[in-house]
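>>> One predicted model, sequence on top.
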Amino acid sequence: MLRKRKIFYGWWIVLASASLNFLAGGTFLYGFTVFFNPIKDTFHWSSAITSVAFVFQRLEMGVFGPLAGFLVDRVGPRKLMLFGWVVIGLAFLCMSRINSLWAFYGSFVLIATGFSFGSFVVPNTAVALWFTRKRSRALTLIYLGFGASGAIVPLISFSVGQIGWRETLALLAVILGVLGVLLSMVMRNKPGQYGLLPDGDTVPVSEAPDLPSTRGTVVEGSALSSAGFTAREAIKTKAFWLLAFAFLFQHTGTSAVMVHIVPFLESVKLPTTLAATAVTGMTLSSLIGRLGFGFLGDFANKRRLIAIALTLQGVGLLLFSFIDADKSWLIIPFLLTYAPGYGGPIPLRPALQADYFGTRSFGTIMGLMASVSMLGGLFSPVVAGWVFDVTGTYRLAWQIFSLITFPAVALMLLAKPPQAKQAA
């Protein structure tokens, strides 16, 4: 029997992952919307042309996501994340020195490469390996970093206003490079390599009752251990493709909102400070979904919880389309529907994947699923920018993306558990 430790090391991995997500979300995932108009105005580019950078970003992450998943399953998370955060720091520095459109695009590709290895798939995989019974709760906690990261956005907006967008990017390059490397050092591979058991257990928990036979059906909500599907087996299942396409439809709207929320609110004559604060409100309100749905995921049907969240997201996008200077109060119902709906599936998605396919090839499967689902957000920022360039308003774009979100609900409800596989 292992001697019980006061604090299970897996929780330090959770804390480091949440901190890295805080940095990633505040500076890039949500924070870059603040840089959109200043960079566009500096070089006199159109909204659509500027938005193409986000196509390269998502395409790069779609390509490197499966590679990161494949590598983390084999070499562990620490080396990959150290590499990723060094690249992120250098990429932000490169972005601060751009003088052409192609340099802007190239910097975005480099940033996306860094985040593919330093965030998202890699820490998710590490946490999924260190927790079994408490997996949904652990994943929920690491995604609180993204939920709280909106607090950085007003600070970035203030910095851009005070010292300029180039200087702000250079400052972020130093902060991200240093903190990213330090936090990445906390990461570890499978707990068994260090004489520990998942969840901080001191005696092995028999998994026999929870693991169905290879001819049985996965019980929703049960957590498979290192047994489960290989990546090749997973992509042959209907569940894999239903889940991937459900998240493809979801990401169509969320991707465009992340890029254009500040430009949209500025276009309807709301102050930049209010627009940046709305980003903070969106991320903080998403904590309702991340916490509520995430913690319920260990006790309720994850698939149905995600379907409810996606419905809220679609309603929120529709409300978003009607915001203008005279209806600025609509920001509140938008935040209370879209944000929890967007946030809810975030911790549930990797937990549901582990329930369905196990953790045998968790990183690879997650990367492959992400490469499919990212297609939904690949061109939607460009479409939103093009709609604005042509019509002078984003309203039609948000209404189209709202309608596109609802098929995700049906696909999620149809995504029943696959036939179980066990490692030989």
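Everything's here; your move.

>>> Flag the shaky bits of the chain, pLDDT-wise.
Where the chain drops to pLDDT under 70, the residues are 1-5, 57-62, 203-227, 420-424.

>>> Apply 80 and report the result again.
1-6, 54-66, 69, 120, 136, 147, 200-227, 298, 419-424 (pLDDT under 80).

>>> list the contacts for the residue nearest the centre of the chain?
The centroid of the chain falls nearest to residue 120 when counting by CA atoms, centre = their mean (6.0 Å). Contacts for residue 120 (CB atoms under 8 Å, 6 or more residues apart in numbering) come out as 24, 61, 65, 68, 370. Heads up, the C-betas are built off the backbone N, CA and C, glycines and all.

>>> Mind checking which of those land in helices?
24, 61, 65, 68, 370 (DSSP state H).

>>> hang on, residue 360 is in a helix, isn't it?
No - counting by DSSP: H, G, I helix; E, B strand; the rest coil, residue 360 is located in no helix; its state is coil.

>>> mind listing the helices for the stretch 151-300 of the chain?
152-163, 165-184, 231-234, 238-267, 272-296 (DSSP state H, counting those that start in this stretch).

>>> what packs against the third one?
Secondary structure elements in contact with helix 231-234, counted by 3 or more CB pairs under 8 Å, 6 or more residues apart in numbering; DSSP states H and E, are helix 362-373.

>>> Now do the following helix or strand past the helix it packs on against helix 238-267, angle only.
Using DSSP states H and E, the next helix or strand after helix 362-373 towards the C-terminus is helix 380-391. Helix 380-391 runs at 40 degrees relative to helix 238-267, counting by axes from the mean of the first three to the mean of the last three CA atoms, to 10 degrees.

>>> chain center to helix 380-391, what's the gap?
23 Å (CA atoms, centre = their mean, to the nearest Å).

>>> who touches it?
With CB under 8 Å, 6+ apart, helix 380-391 has contacts from 46-52, 54-55, 251-253, 255-256, 258-260, 263-264, 267, 393-394, 396-398, 400-401.

>>> separation between the nearest residue to residue 369 once chain neighbours are set aside and residue 237?
Sequence neighbours aside, residue 244 is the residue nearest to residue 369 in space, at 4.9 Å (criterion: CB to CB, 6 or more residues apart in numbering). For residue 244, the distance to residue 237 equals 11 Å [CB to CB, to the nearest Å].

>>> The two - which one has more neighbours?
Taking other CB atoms under 10 Å, residue 244 and residue 237 do not tie; residue 244 has more neighbours (21 against 18).

>>> ChimeraX command to pick out the buried ones of the contacts of helix 380-391?
Buried residues among the contacts of helix 380-391 (16 or more other CB atoms under 10 Å), as a ChimeraX selection:
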select :47,48,49,50,51,52,54,55,251,252,253,255,256,258,259,260,263,264,267,394,397,398,400,401
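
>>> one step back: could you single out the nearest of the contacts of residue 120 to residue 74?
residue 68 (11.0 Å; CB to CB).

>>> That closest one and residue 234: what is the separation?
Residue 68 is 17 Å from residue 234, by CB to CB.

>>> for residue 63, same thing?
Counting by CB to CB, the gap from residue 63 to residue 234 is 19 Å.

>>> Would you mind telling me which of those two has more residues around it?
residue 234 (26 against 16).

>>> Provide a list of residues in contact with the more buried one.
240, 357, 361, 365, 368, 418.

>>> how does it look with 10 Å?
If a contact means CB atoms under 10 Å, 6 or more residues apart in numbering, then residue 234 has 228, 240-241, 353, 356-358, 360-362, 364-366, 368-369, 418, 421 as its contacts.

>>> Next: residue 319.
Taking CB under 10 Å, 6+ apart as the test, what residue 319 contacts is 327, 330, 331, 332, 333, 334, 335, 336, 337, 338, 398, 402.

>>> wait, doesn't the residue nearest to residue 369 sit right on residue 367?
No - shown here, residue 244 and residue 367 do not form a contact pair, counting by CB atoms under 10 Å, at 11.5 Å.
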